[in-house]
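**Student:** Below is the sequence, then the predicted model.
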Amino acid sequence: MQQLLSKRKNAVQTTEGGFDPVPLKKSRQVSYNKQEKHIQKMETKLMEKYRLGYSQLHKALVLKTAQQEFSEIHNLFF
């Protein structure tokens, strides 16, 4: 019984009485062609400078750009 309950932690009860799993993460993939290795080098330099992983760096840069473009105030990671 305990195992059954622990499996339902990440599930939502539907109106039909069943349980549907809740997606925990939403991930996207970035593709690079052969001529874009310089971009990956810059990513690595930025990750080292700000001590962030790839995902955190991407989120921080999106927030920073959105703040500049749309004048929205967000907490940045750095």
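**Tutor:** Here it is on my side, so go on.
**Student:** Just the pLDDT for Asn10.
**Tutor:** We have a pLDDT of 54 for Asn10.
**Student:** for the one 5 residues further on, same thing?
**Tutor:** Here the pLDDT value assigned to Thr15 is 58.
**Student:** now do Lys26
**Tutor:** 81.
**Student:** longest helix in this protein, by residue count?
**Tutor:** For the chain, the helix reaching the highest residue count under DSSP state H is reported as helix 54-70.
**Student:** can I get the CA coordinates of that one in CSV?
**Tutor:** As requested, C-alpha coordinates have been extracted for helix 54-70 and formatted as CSV (Å, rounded to 0.1, in the frame of the first residue of the first chain):
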residue,chain,number,x,y,z
TYR,A,54,23.4,25.5,-19.0
SER,A,55,19.7,25.6,-18.0
GLN,A,56,20.2,28.4,-15.4
LEU,A,57,22.3,30.4,-17.8
HIS,A,58,19.6,30.2,-20.5
LYS,A,59,16.8,31.2,-18.0
ALA,A,60,18.9,34.1,-16.7
LEU,A,61,19.7,35.4,-20.3
VAL,A,62,16.0,35.1,-21.3
LEU,A,63,14.9,37.1,-18.2
LYS,A,64,17.6,39.7,-18.8
THR,A,65,16.6,40.1,-22.5
ALA,A,66,12.9,40.2,-21.6
GLN,A,67,13.7,42.9,-19.0
GLN,A,68,15.5,45.0,-21.6
GLU,A,69,12.9,44.5,-24.3
PHE,A,70,9.7,44.7,-22.3
